[in-house]
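In: 3D, please:
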Amino acid sequence: SLCHLAWAQVVALSSGREQVVFGTVLFGRMHAGAGADRAMGLFMNTLPLRLDLDETGVEESVRIAHARLAELLSHEHASLALAQRCSDIAAPAPLFSALLNYRHNTPAMAGEGTSDVLSGMEWLGDEERTNYPLTLSVDDFGQELGLTADAVEPISADRICGYMQRALEQLVDALEQAPDRPVRELDILPAEERSYLLEELNRTEADYPSDLCVHALFEAQVRRAPDAVALVFEEQSISYGALNADANRLAHHLIGLGVRPDQPVAICVERSPAMVVGLLAILKAGGAYVPLDPAYPSERLRQLLDDAGPRLLLCDAAGRAALGAEAIADLSAVDLDAATAWADQSADDPDPHALGLTARNLAYVIYTSGSTGTPKGVMVEHRNTVNLLHWSGGVFAESEIRRTLFSTSVCFDLSVYECFLPLSQGSKLYLVEDALKLARTPVDASLINTVPSAITALVNQKAVPASASVINLAGERVTADLIERIFESTRVQKICNLYAPSETTTYSTWICMPRGQAVVETIGRPISNTRIYLLDGHGQPVPFGAVGELYIGGAGVARGYLNRPDLTAERFLADP
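Out: Model (predicted):
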């Protein structure tokens, strides 16, 4: 009974289920009668056993396992074919995915051993071929148990035996020390695998300037090369020095209007250099920008504006038209078309210390799509974004990010990466309306960040710029077929798949696939200072390779949701 319960635990935790059905081998008892002494055969049968891994305590769970095994004995002569017909699983599909074969053997078969059952377990290692993907044989030698497993690749027999041994150890300890403890709380991971999952895969610690704000990275590039081109828009080029001076003048104007750290400041302008100036100015003034794209439906924009509750709005004619006069009637609006209003302000960088601004203050509030309910404003701090930018500057060569495309709507968090990565690295930013327009107006970009559907359209139109060296894909599933098509039809040297929800700052995992190397469909490994866990429904790590829910920890985790303390408490958890 203990072994069947342990096997149920292994199967449940490996499959993400709390109720499991597996096959168990029953050895029939020969009824006395004519010819019984001359009958040949093993007289064995295989029937399904159902066990639950729920809130029931260990001791009671063992009793239940025993009772259900006893129940099965009354059906020991029922054929497997009959069981198959009684199920919803049509032949020839096997009735079970997993099988436990418990065999009683004489102590003399055991060899050297110890009297303690658990320390006397050994993995016999003999391979047994069955028709089931997962089979465990337990040889009961009285004072010892022998474990033999057969599993389908990539799961190894040793791992299955290791899980079983750990499950048995946990069950016995619980029976002695905490018989009422729920079975589902017990762990099947050997110490070595647990350490690998929680620690080794998450060794991502790296130094980064965690005390700096996003705009400070840009200002450092201004000091390094003020005359270098920072931004290209249509026929217009703006240097780092000029872009910084324009942003500083507007920032001082915003400070005069009362902008303070952590204060949300909305910005709704069409794509132009003024948009970039506005984003930088809000950061420099200490505010947290709330991006609103005038191309979005007015109802959606007004919904975001009502939720964020900014007192100040940066806008232009397109932004005013998109929002409507009623929506902005109670706001202080700064019209970016009228830059002369702050032309006499200082062109020097505002002093963050004087403003009380630190890397722990908000950089922006970006709204989720609302696909799972009401859009939520994610509050991202400067330090979150600085970690992302610093990591990016380390994994991409200078030549790869020298000319970065900025084509994503500011309402999508990919825009944070597109805008501030080049500006933090001294690179050139190519501002365009959207990536699809590259088919008509190609630009000399080396790095393109976009979604798979957009790059698919560009590939179909043969419009991927010949200068593109790296393509970063995010936001949608990336298939091997798409990656191969890009390599076949372009000169791109690297394709990277990056993943994260907005709540963990644009990108949390990545995998880079250079041309000529194997193409894989995966979101890769965590970026610097990021931890990735796959946990079950009770917050415990699942076995390596099993399905679990993704939990993300580390420097990218945002502060929480704006105006949603209950949801923040539910989704943003203390890291155990």
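
In: hmm, which helix or strand of the protein has the shakiest average pLDDT?
Out: When the helices and strands of the chain are scored by mean pLDDT, DSSP states H and E, strand 121-123 comes last with a mean of 67.

In: strand partners of the helix or strand following that strand, parallel vs antiparallel please.
Out: Per DSSP states H and E, the first helix or strand lying C-terminal to strand 121-123 is strand 134-140. Paired with strand 134-140 in the same sheet, following DSSP bridges, are strand 98-104 (parallel), strand 145-151 (antiparallel).

In: Can you give me the buried ones in stretch 226-238?
Out: 229-233, 238 (16 or more other Cβ atoms under 10 Å). (C-beta placed from N, C-alpha, C; glycine too.)

In: and Arg477, how many neighbours?
Out: By the criterion of other Cβ atoms under 10 Å, Arg477 has 11 neighbours.

In: I should have written Gln517 there, sorry.
Out: Around Gln517 there are 9 residues (other Cβ under 10 Å).

In: Also the one 4 residues further on?
Out: Residues contacting Glu521 under the criterion other Cβ under 10 Å number 13.

In: Spatially nearest residue to it (excluding sequence neighbours)?
Out: If the residues on either side of it in the chain are set aside, Glu521 comes closest to Ala480, at 5.4 Å by Cβ to Cβ, 6 or more residues apart in numbering.

In: and the one you found, what does it touch?
Out: With contact set as Cβ atoms under 8 Å, 6 or more residues apart in numbering, Ala480 has these partners: 519-521.

In: And it, how far from Ala518?
Out: 9 Å (Cβ to Cβ, to the nearest Å).

In: want to throw the buried residues of stretch 226-238 into a markdown table with secondary structure, pLDDT and distance to Arg383?
Out: Shown next, in a markdown table, are the buried residues of stretch 226-238 (DSSP: H, G, I helix; E, B strand; the rest coil; pLDDT from 0 to 100; distance: Cβ to Cβ, whole Å):
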| residue | secondary structure | pLDDT | distance to Arg383 |
| --- | --- | --- | --- |
| Val229 | strand | 98 | 29 |
| Ala230 | strand | 98 | 24 |
| Leu231 | strand | 98 | 25 |
| Val232 | strand | 97 | 30 |
| Phe233 | strand | 95 | 30 |
| Ile238 | strand | 98 | 28 |
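
In: got the buried residues for stretch 447-457?
Out: Of all the residues in stretch 447-457, those buried under the rule 16+ other Cβ under 10 Å are 447-452, 454-456.

In: okay, those residues in a markdown table with pLDDT next?
Out: Formatted as a markdown table, the buried residues of stretch 447-457 follow (pLDDT from 0 to 100):
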| residue | pLDDT |
| --- | --- |
| Leu447 | 97 |
| Ile448 | 96 |
| Asn449 | 95 |
| Thr450 | 94 |
| Val451 | 94 |
| Pro452 | 96 |
| Ala454 | 94 |
| Ile455 | 95 |
| Thr456 | 96 |
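
In: which of the residues you listed sit farthest apart?
Out: Largest separation among these by Cβ to Cβ: Leu447 and Thr456, giving 18.4 Å.

In: which stretches of the stretch 51-200 of the chain have low pLDDT?
Out: Scanning the stretch 51-200 of the chain for pLDDT under 70 picks out 106-130.

In: next helix or strand past the longest helix seen in the chain?
Out: Using DSSP state H to define each element, the chain has its longest helix at helix 157-177. Downstream of helix 157-177, the first helix or strand assigned by DSSP H and E is helix 191-198.

In: orientation of that next one relative to helix 157-177 in degrees?
Out: In terms of direction (axes from the mean of the first three to the mean of the last three Cα atoms, to 10 degrees), helix 191-198 departs from helix 157-177 by 100 degrees.

In: How about helix 191-198, which residues are buried there?
Out: Residues of helix 191-198 classed as buried: 193-194, 197 (neighbour count, 16+ other Cβ under 10 Å).

In: circling back: nearest to Trp510, of the contacts of Ala480?
Out: Distances from Trp510 to the contacts of Ala480, taken by Cβ to Cβ, are shortest for Val520, at 12.5 Å.

In: OK, contacts around that closest one?
Out: Neighbouring residues of Val520 by Cβ under 8 Å, 6+ apart: 480, 511, 513.

In: Tell me which of the residues you listed fall in helices.
Out: Checking these against DSSP H, those in helices are Ala480.

In: could the contacts of Val520 go into a markdown table alongside distance to Ser79?
Out: As requested, the contacts of Val520 are exported to a markdown table (distance: Cβ to Cβ, whole Å):
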| residue | distance to Ser79 |
| --- | --- |
| Ala480 | 44 |
| Ile511 | 49 |
| Met513 | 51 |
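
In: nearest residue to Leu389 other than its sequence neighbours?
Out: Closest residue in space to Leu389, ignoring its immediate chain neighbours: Ser424 at 4.7 Å, by Cβ to Cβ, 6+ apart.

In: isn't the one you found right next to Val214, touching?
Out: Yes: between Ser424 and Val214 there is a contact at 7.4 Å, judged by Cβ atoms under 8 Å.

In: can you list residues touching both of the two?
Out: Going by Cβ under 8 Å, 6+ apart, residues that sit against Ser424 and also against Val214 are Leu389.

In: so which of the buried residues of stretch 447-457 comes closest to His77?
Out: Pro452 (56.6 Å).

In: The closest residue to that closest one other than its chain neighbours: neighbouring residues, count only.
Out: Leaving aside its sequence neighbours, Pro452 sits nearest to Glu476 (Cβ to Cβ, 6+ apart; 4.6 Å). When neighbours are counted by other Cβ under 10 Å, Glu476 registers 14.

In: With Asp434 instead?
Out: Neighbour tally, Asp434, other Cβ under 10 Å: 13.

In: list the contacts for it?
Out: 407-409, 454.

In: Which two of the residues you listed have the greatest separation?
Out: Ser409 and Ala454 (11.5 Å).
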